[in-house]
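Enquirer: Fold the following.
(chains A and B)
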There are 2 protein chains.
Amino acid sequence: MSQPDRPDEFSLIEQVFAPLSAEAPGAFGLTDDAAVFSPGEGMELVLTVDAIVEGVHFLSSDPADGIAQKLLRVNLSDLAAKGAIPRGYLLVTSWRPDTSLAWIESFAAGLCRDQQTFGISLWGGDTVSTPGPLTFSVTAIGEVPRGKLLRRSGARPGDDIYVSGTIGDGALGLAAAEGQLGGTLEDIQFLIDRYRCPQPRNALGPRLIGLASAALDVSDGLMADLTHMCETSRVGARIEGARIPLSPAASHAVDANSSWFGTALTGGDDYELLFAAAPENASAIAAAATESDVPVTRIGTIMSREEGVHAVDSHGRPLTFSRLGFTHF
Amino acid sequence: MSQPDRPDEFSLIEQVFAPLSAEAPGAFGLTDDAAVFSPGEGMELVLTVDAIVEGVHFLSSDPADGIAQKLLRVNLSDLAAKGAIPRGYLLVTSWRPDTSLAWIESFAAGLCRDQQTFGISLWGGDTVSTPGPLTFSVTAIGEVPRGKLLRRSGARPGDDIYVSGTIGDGALGLAAAEGQLGGTLEDIQFLIDRYRCPQPRNALGPRLIGLASAALDVSDGLMADLTHMCETSRVGARIEGARIPLSPAASHAVDANSSWFGTALTGGDDYELLFAAAPENASAIAAAATESDVPVTRIGTIMSREEGVHAVDSHGRPLTFSRLGFTHF
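Expert: Numbers count the residues shown, from 1 in each chain, chains lettered A, B, ... in the order given. So this is what the prediction gives:
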């Protein structure tokens, strides 16, 4: 059933989405077919895109503004991992005939909030109809000093391995949202919030340029993404399990049932930065963490390729996991 | 049912899509989370995105390579209308569990063919799963001399109105594909091909910079898109029906039943360039058409806003249409 209150495509863009482009002159108020952008002097452009599908990446019952924020944030996290400063984004929305104007407006309100938080604007997009499921994608555009993009491929044996923030909250938050995790109401709420609304590390990412030898953001799970980085860099890695930074809520869960530790390291949806850096950069990295107000923890060491990618406990004994990570595909 | 022959997300990207990025150093062989690009000296970046949904924009029974080509071409057409030179694109694909590897490979083969035709590369993207319908989007990136982008908004009263190629083949091709149109097998096939595989005018678009006062590509229908251009430019327009360029196949259809003429002018899916230009640019425009090997026809005149947007027959009598255009939403 088509919603009688919903304006047509053109009116929807004009009324609901055009205001999100107000700060970007190159978006032409969404009245044109394309946007223009010039990177600053000495900068180059960084482009990334991520899509989400109802029932696969989010639930129909999730709040619309939160879905929009998470979509934007996973893309911002990709830019952060590249050291790029976010500038704008293109948005593709597909609405079902029964999607209400109120739902769409809430979705737009989530975008609006995060545009202010992260200093970006909507530059353009496309709006299509679908019989369902709702499918959205964001193309995020940032800029980085020319030739300085942080890559996955530069890690060298002997480099330190770092992560930002805390690991495992996203995966434990999903378990909590599914009713699989016990604990205090406060812990449960904290973890669910971390799952629903990740905190991309855009304040930290650009400060790692010239310091990190390789970087990516943890979306598939710490061990899986570390493996991606090591494969691309043709190295191995040793993670010290006891150094993994856990939030108080995640610590409580692990204390109650140690198997949640495996979930934390392999579960995905962290959107923290994982990066490698030569030991001589340690104090500069600590300073970058302080300046950006993002905690950073050294969790291990890049090894030669022959040693593989593994984690050890505080006695040096290997930790094994039932799976390496979560894949969203 | 999941296809047993289909590789996982990472293998699919590596095997099927990474080869499409081989010519773009900034795509890093699709092994990273983002692509980098630097516009040339004095150029700025142009970005556009279009999405298509199975059952809405294409049929499940359409050939996969043709779907991919049309998706790419509608985006290239947007760049052409802005005067931009296409450089690369990001691709979002959502596959159903039952989408076969053979179908995906055929889709990629269509992209590969058009990459060569239009001189572009795949720079990145995202691959997700969906319960269906198949949904695809392309973010196309081009460049244009800084400040020279062709806009919808610059048409002035007295300007000539031009279109490239022929009008109506797309709409008549859709009617033919649906079995609603009679005619010779040759005509039917020509029109269906024009509907399935539009010809973006990328050779012409960049040559219109400095000549056209406003431009867009005809996707919703000639009269509807002309109205969009006139509204943004705050002008009116008079189209001379007798000047509309029709292909031989479309002429045959109109000769047999004159109501197809209304379909041609309002039906959409032309992906021809519609633009306005001052009369003193007429010979330069003719030269641009010759250089780009794209025919261009003057079809009317930009009027003052008060005169509205209308079409007249060869006796100056107004032509009326049952609808202004087709909307894909």
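Enquirer: how much space between residue A:90 and chain B?
Expert: 5 Å (Cβ to the nearest Cβ, to the nearest Å). All C-beta atoms are positioned from the backbone trio N, CA, C, and that covers glycine.
Enquirer: So residue A:109 sits against residue A:65, correct?
Expert: Yes - with contact defined as Cβ atoms under 8 Å, residue A:109 reaches residue A:65; the gap is 5.2 Å.
Enquirer: More neighbours: these two, which one.
Expert: Neighbour count, other Cβ atoms under 10 Å in any protein chain shown: between residue A:109 and residue A:65, residue A:65 has more, with 20 against 16.
Enquirer: in terms of contact, does the more buried one touch residue A:107 like I think?
Expert: Yes - the pair residue A:65 and residue A:107 qualifies as a contact (Cβ under 8 Å) at a distance of 6.5 Å.
Enquirer: after the helix or strand containing residue A:254 comes which helix or strand?
Expert: Residue A:254 belongs to helix A:248-256 when assigned by DSSP states H and E. The helix or strand immediately downstream of helix A:248-256 is helix A:259-266, counting by DSSP H and E.
Enquirer: Partner strands of the helix or strand just after that next one, with direction?
Expert: Next helix or strand after helix A:259-266 toward the C-terminus (DSSP H and E): strand A:273-277. When pairing is defined by DSSP bridges, strand A:273-277 lines up against strand A:160-164 (antiparallel), strand A:212-217 (antiparallel).
Enquirer: if we look at strand A:273-277, which residues are touching it?
Expert: A:80-81, A:150, A:154-156, A:159-164, A:201, A:204-205, A:208, A:211-218, A:222, A:225-226, A:229, A:233, A:285, A:302 (Cβ atoms under 8 Å, 6 or more residues apart in numbering or on different chains).
Enquirer: Give the rounded mean pLDDT of it.
Expert: Summarised as a single mean, pLDDT over strand A:273-277 is 98.
Enquirer: and the next element down the chain from that strand?
Expert: Downstream of strand A:273-277 (by DSSP H and E), the next one is helix A:282-292.
Enquirer: sorry, back to before: let's have the strands paired with strand A:273-277 in a markdown table, adding mean neighbour count, distance to residue A:47 and mean pLDDT.
Expert: Formatted as a markdown table, those follow (neighbours: other Cβ atoms under 10 Å in any protein chain shown; distance: least, Cβ to Cβ, whole Å; pLDDT from 0 to 100):
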| stretch | mean neighbour count | distance to residue A:47 | mean pLDDT |
| --- | --- | --- | --- |
| strand A:160-164 | 25 | 23 | 98 |
| strand A:212-217 | 25 | 16 | 97 |
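Enquirer: so can I have a markdown table of those strands showing distance to residue A:310?
Expert: Output for those, formatted as a markdown table (distance: least, Cβ to Cβ, whole Å):
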| stretch | distance to residue A:310 |
| --- | --- |
| strand A:160-164 | 12 |
| strand A:212-217 | 18 |
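Enquirer: Where do the strands of chain A begin and end?
Expert: A:35-37, A:43-53, A:85-95, A:121-129, A:135-145, A:160-164, A:212-217, A:236-240, A:273-277, A:296-303, A:309-312, A:318-319 (DSSP state E).
Enquirer: Export these as TSV, with columns for distance to residue A:73.
Expert: Listed next are the strands of chain A as TSV, based on distance: least, Cβ to Cβ, whole Å:
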stretch	distance to residue A:73
strand A:35-37	21
strand A:43-53	10
strand A:85-95	10
strand A:121-129	15
strand A:135-145	10
strand A:160-164	14
strand A:212-217	10
strand A:236-240	25
strand A:273-277	13
strand A:296-303	19
strand A:309-312	27
strand A:318-319	29
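Enquirer: which regions of chain A lie under the pLDDT threshold?
Expert: A:1-4, A:322-329 (pLDDT under 70).
Enquirer: Show me it divided up by domain.
Expert: Following automatic domain parsing, chain A resolves into domains at A:9-145, A:160-319.
Enquirer: And the ones you listed: which comes nearest residue B:266?
Expert: domain A:9-145 (16.1 Å; Cβ to Cβ).
Enquirer: now do the same end-to-end measure for the closest one.
Expert: 38 Å (Cα to Cα, to the nearest Å).
Enquirer: Ok, stretch A:219-238 next?
Expert: 20 Å.
Enquirer: Which positions in it come out as buried?
Expert: A:219-233, A:235-238 (16 or more other Cβ atoms under 10 Å in any protein chain shown).
Enquirer: In helices, which of the residues you listed fall?
Expert: A:222-233 (DSSP state H).
Enquirer: with these in mind, which one is nearest to chain B?
Expert: residue A:232 (5.3 Å; Cβ to the nearest Cβ).
Enquirer: so who does that closest one touch?
Expert: A:151-153, A:214, B:31-32.
Enquirer: how about 7 Å then?
Expert: Residue A:232 is in contact with A:152-153, B:31, counting by Cβ atoms under 7 Å, 6 or more residues apart in numbering or on different chains.
Enquirer: For residue A:204, see how far away it is.
Expert: 21 Å (Cβ to Cβ, to the nearest Å).
Enquirer: What parts of the stretch 51-200 of chain A come near chain B?
Expert: By Cβ under 7 Å from any Cβ of the partner chain, the residues of the stretch 51-200 of chain A that approach chain B are A:51, A:53, A:55-56, A:78-79, A:81-82, A:90, A:92, A:94, A:123-131, A:133, A:135, A:137, A:139, A:146, A:149, A:151-152.
Enquirer: I only care about those residues that end up buried; give me the PyMOL line for that.
Expert: Command for PyMOL, covering only those of those found buried under the criterion 16+ other Cβ under 10 Å:
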select buried, chain A and resi 51+53+56+78+79+81+82+90+92+94+123+124+125+126+127+128+129+130+133+135+137+139+149+151+152
